[in-house]
Structure formats: structure tokens, C-alpha cells
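# Okay, sequence plus prediction incoming.
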Amino acid sequence: MSSRLALSLLALAAAATVVSCGSSDTPTAAAPAASAPAASAPAETAPAAPAAAALSITDPWVKTAKEGMTAAFGTLVNNSGADITVVSGASPLSPMIELHEVVDKDGKMVMQPKQGGFVIPAGGSHELKPGGDHIMIMDAKQAVEPGAEIPFTLTLADGGTFEFTAVGKDFAGAKEDYQPGSHNG
């Protein structure tokens, strides 16, 4: 314990020496004399980060398809303190991408464009899943094979964009039909 105390005292003495060497009662040329506050230049603040910087997606995937319609899924995650709204999507896979929801109409589950887009709550998430909200791909220009990497760009209500890549995945699940005439819109 005495060696620990000695080392502590030595460190304290060294710190005191450094502090005393750096202080001086007389100003030097390098140290500016006290003057009026430097408030002549306005303080700059960093611009607010666009919502896209706060948005991410987990497990993005696209249902495999030979041609025609398919859809993209995943979970959109909002890491910011404000709601983020996705208003549209785009992909080189198809000239026609829509944000869709599945709703009950007269006892039948049907797909339709999602009015107002997808709202991802502040600090929350929004799941895109078969049989629920999804990114609809119509008239795919090429087949989506397992493992294919499909790029997407989502446009946000604030004008920002969010890009991600989804992976082609076989799925036979929720009995949704992504064929012509299977949705309203």
C-alpha cells in the first residue's frame, strides 16, 4: 500500500509541476489579452440530419418470382425522435413500385395502395410482411431468383431517400396472390 501511496503522491506532484509551469502572471504574445466577447461571429449550428439517416431496415427480402408481380418485406426501423413517413418506392427491377396494405373487404383479404404511406413511429419500427404492409413490385423486368440482390430506394415525406438491398427468398406462406388482378388499385 505504501508504494501505491508513493506513486499517487509522485503523480500528484508531477501534475502540480506541469500546471505551475503553464501559468504565468504576465500575458505573452501567444496568449491574447482579455477583450470583448467574441460574439461578433454568429454561432453556426449543424443542419438537422435528414430522416433517411435515422432509418434502417432489418432482414430485407423479396419473394422469388419467375415474372410479373412480387413484393419486398423487412422491418423498417426509426432510430430518431420523430416519426418518419415513407411515401413511395423505386427499384430497377420494375418501373412500377407501390406501397401496399392488405385489408379485409367484405370478408375477403385484398391488397391496395397504402394511403399516406408507411409511418414509422419515433424510436419504433414498422413491419413489412406477407399478408400485411409490403412494397409491391409490378411488372418485374426479370425473374427474382433465390439469393438475387435487388436494390430499392424509398422516398420519405421530408424529401429524403433511403436505399437498401433486399435478397431474393423462396416463400410459400401467407397465401397472398401477387398476380395480375389480385389487387385493387
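Noted; the coordinates are in hand.

# Send me stretch 54-66 as CSV with only the CA atoms.
Only the C-alpha atoms of stretch 54-66 are listed here, as CSV (Å, rounded to 0.1, in the frame of the first residue of the first chain):
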residue,chain,number,x,y,z
ALA,A,54,-32.2,7.7,-39.0
LEU,A,55,-34.0,5.0,-41.0
SER,A,56,-32.7,1.4,-41.4
ILE,A,57,-34.2,-2.0,-42.4
THR,A,58,-33.7,-5.4,-40.9
ASP,A,59,-33.9,-8.6,-42.9
PRO,A,60,-35.0,-7.1,-46.3
TRP,A,61,-36.1,-9.7,-48.8
VAL,A,62,-38.1,-10.1,-52.0
LYS,A,63,-40.3,-13.1,-52.7
THR,A,64,-38.9,-15.1,-55.6
ALA,A,65,-40.9,-14.9,-58.9
LYS,A,66,-40.5,-16.0,-62.5
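
# quick one: low-confidence parts of this structure?
Low-confidence segments of the chain (pLDDT under 70): 1-52, 173-185.

# can you pull out the helices in it?
2-22, 51-54 (DSSP state H).

# Would you confirm that residue 91 contacts residue 137?
Yes. Shown here, residue 91 and residue 137 form a contact pair, counting by Cβ atoms under 8 Å, at 6.6 Å. Quick note: C-beta positions are derived from backbone N, CA and C, even for glycine.

# More neighbours: the two, which one.
residue 137 (28 against 21; other Cβ atoms under 10 Å).

# Pairing-wise in the sheet, spell out the partners of that one.
residue 70, residue 97 (DSSP bridges).

# Look up how far residue 89 lies from it.
9 Å (Cβ to Cβ, to the nearest Å).

# Find the residues that touch each one of these two.
72, 97 (Cβ atoms under 8 Å, 6 or more residues apart in numbering).

# hang on, the earlier thing: which residues are common contacts for residue 91 and residue 137?
Common neighbours of residue 91 and residue 137 (Cβ under 8 Å, 6+ apart) are 72, 97.

# At which residues are the strands of the chain located?
55-63, 68-78, 84-90, 96-105, 108-113, 118-120, 125-128, 134-140, 149-156, 161-169 (DSSP state E).
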